[in-house]
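S.K.: I need the structure of the sequence given here:
(2 chains)
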Amino acid sequence: MRQLVDTYRGQVFGLCYRMLRHRQDAEDVTQECFVRALRSLRRWDNRREFQPWLLAIAGNRCRTLLASRMRQPPSSCLVDNLSDNADQIHEARGLAEEIELALSTLRAEYRQAFLLFHQHELSYAEISAALGCPLGTVKTWVHRARRELVARLVKRGVVQEMRDEVRRV
Amino acid sequence: MKCEEFERRLDAVLDVRRRPEWDVRLRAHAEQCAPCRRLAASYGVLLDGVAALPVPEPSADLTARVMSEMRVRPAASRRVALVGAVLATAAAVVVALLPLLPKRDQRVATPDPLPAYSFHTTEAAVEEFDWANLDELPVVGPVLISIRDDDETTDPYEELAKGTGQGLASVVLYMPGVAGPRGFIGTAPAGMRSQGVFPEQMSQELEPVRESVAETINLLLRAVPLADFARRS
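M.R.: Have a look, this model is predicted:
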């Protein structure tokens, strides 16, 4: 079990961190995810890929936490606040920071699908099976995520000005 | 190729993890269309940026903490064995006492009764129940049972609730005079927000998973001592 945790802890934490943008929450969800997964191992269908299953648990726990955050009064310590003010663009620390900020504006399911596809390189079929969603839905989420991210980067002036050309999502 | 088709094809190309510039048709259109050229370039910036994002590292002691928690919490099967001996008695007592419990708030209106479900369980269902997560249930009142299902199909507890895999976004089971985080009957407890899900609607949503939900209700009623409900409320 220890080896299993060591093998996947980086991936799981990476997903949780990108979903939540909060280190301590990401640590807590990662820990919870592993405990849940390890406890459920005997019921795991070993014909399924382990990594998508594990990442789906992690992503879903993050979505649960994000939903509970939405129900709570806003707190500035939960996530970094975003600014649409062009004067503050220079405060962002380059493209990586801007992408992180843009990711945090996505709907949780879009973010989860996007990260699983583009960062963890799962296939649409794997994501679909792991999340229990139709494949077409997953595709739609990823497409919308990409468009919203690009639109956000354009709006923030990170990529070349093309506001008129980016089609509305 | 028109610009709308360019965008669709761009999605299709990215879906198979190819670079847009490798696609002949995209390249041909982009060479003649500056907006589409910039659009493709923007996607390239985004995806290159995502690929280059720094990989955050968890704390060094994460593995140790996971292993420690696995040791501290007894495994489900062992806990089932401990709980199993008192299940039948506890269920009988709890169900019998429910109507006699004092109202938490006398101003709470008496709701219409929910359809009566027949509560029964099986050894297999008990065995499958995820006891480890019982502590995390958002129990907020003496007779509130809240089942939250966030599409986590891999979670055995939620699979139990979901039953047929219909993909319910959330399920809150109501009992008379109680309130929950995703809806309420009567008055919600202080600090809780209602989202206006009402019994009739819930009943319809629950219909496809009636048996599994009934099993879950039964398991919860049996598993959580009455004193625990009182302590948590």
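
S.K.: and the helix or strand of chain A with the lowest mean pLDDT with chain B, contact?
M.R.: Averaged element by element with mean pLDDT, DSSP states H and E, chain A has its least confident helix or strand at helix A:50-71 (a mean of 81). Yes: judged by C-beta under 8 Å from any C-beta of the partner chain, helix A:50-71 and chain B are in contact via A:53, A:56-57, A:60-61, A:63-64, A:67, A:71. Placement of C-beta: from N, CA and C, glycine included.

S.K.: Stretch A:96-105 now?
M.R.: Yes: applying C-beta under 8 Å from any C-beta, one finds stretch A:96-105 touching chain B at A:96, A:98-100.

S.K.: CSV for the residues of helix A:50-71 next to chain B, including neighbour count and distance to residue A:112?
M.R.: Output for the residues of helix A:50-71 next to chain B, formatted as CSV (neighbours: other C-beta atoms under 10 Å in any protein chain shown; distance: C-beta to C-beta, whole Å):
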residue, neighbour count, distance to residue A:112
A:53, 19, 14
A:56, 27, 8
A:57, 23, 11
A:60, 26, 8
A:61, 23, 11
A:63, 21, 6
A:64, 17, 11
A:67, 15, 12
A:71, 11, 19
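
S.K.: Pick out the most distant pair among those.
M.R.: Pairwise distances across the residues of helix A:50-71 next to chain B peak at 27.7 Å for A:53 and A:71 (criterion: C-beta to C-beta).

S.K.: ok, now how distant is residue A:155 from residue B:42?
M.R.: Noted for residue A:155: a distance of 11 Å to residue B:42, by C-beta to C-beta, to the nearest Å.

S.K.: again, but for residue B:35
M.R.: From residue B:35 over to residue B:42 (counting by C-beta to C-beta), the distance is 10 Å.

S.K.: Can you name every helix or strand that the host helix or strand of residue B:70 contacts?
M.R.: Using DSSP states H and E, the element containing residue B:70 is helix B:62-72. Using 3 or more C-beta pairs under 8 Å, 6 or more residues apart in numbering or on different chains; DSSP states H and E as the contact test, the elements touching helix B:62-72 are helix A:2-20, helix A:23-39.

S.K.: residues making contact with stretch B:15-35?
M.R.: For stretch B:15-35, the external contacting residues (C-beta atoms under 8 Å, 6 or more residues apart in numbering or on different chains) are A:121, A:124, A:139, A:142, A:162, A:164-165, B:1, B:3, B:6, B:9-10, B:13-14, B:36-37, B:40, B:43-44.

S.K.: Helices - which of the residues you listed land there?
M.R.: A:124, A:139, A:142, B:3, B:6, B:9-10, B:13-14, B:36-37, B:40, B:43-44 (DSSP state H).

S.K.: Restricted to buried residues, select those residues in ChimeraX.
M.R.: To isolate the buried members of the ones in helices among the contacts of stretch B:15-35 in ChimeraX, using 16 or more other C-beta atoms under 10 Å in any protein chain shown:
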select /A:124,139,142 /B:6,9,10,13,14,36,37,40,43,44
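
S.K.: Which two among the ones in helices among the contacts of stretch B:15-35 are spaced furthest apart?
M.R.: By the measure C-beta to C-beta, A:124 and B:37 form the most distant pair in these, at 27.1 Å.

S.K.: does chain B sit close to stretch A:121-129?
M.R.: Yes: residues of stretch A:121-129 contacting chain B under C-beta under 8 Å from any C-beta: A:121, A:124.

S.K.: Would you mind listing the buried residues in that stretch?
M.R.: A:122-124, A:126-129.

S.K.: And for it, what's in contact with it?
M.R.: Residues contacting stretch A:121-129 (C-beta under 8 Å, 6+ apart): A:48-49, A:51-52, A:55-56, A:113, A:116-117, A:130, A:133-135, A:137-139, A:142, B:15, B:17.

S.K.: How far does that stretch sit from its chain's centre?
M.R.: Between the centre of stretch A:121-129 and the centre of its host chain there is 14 Å, according to C-alpha atoms, centre = their mean, to the nearest Å.

S.K.: Over to stretch A:112-119?
M.R.: On the basis of C-alpha atoms, centre = their mean, the separation between the geometric centre of stretch A:112-119 and that of its chain is 7 Å.
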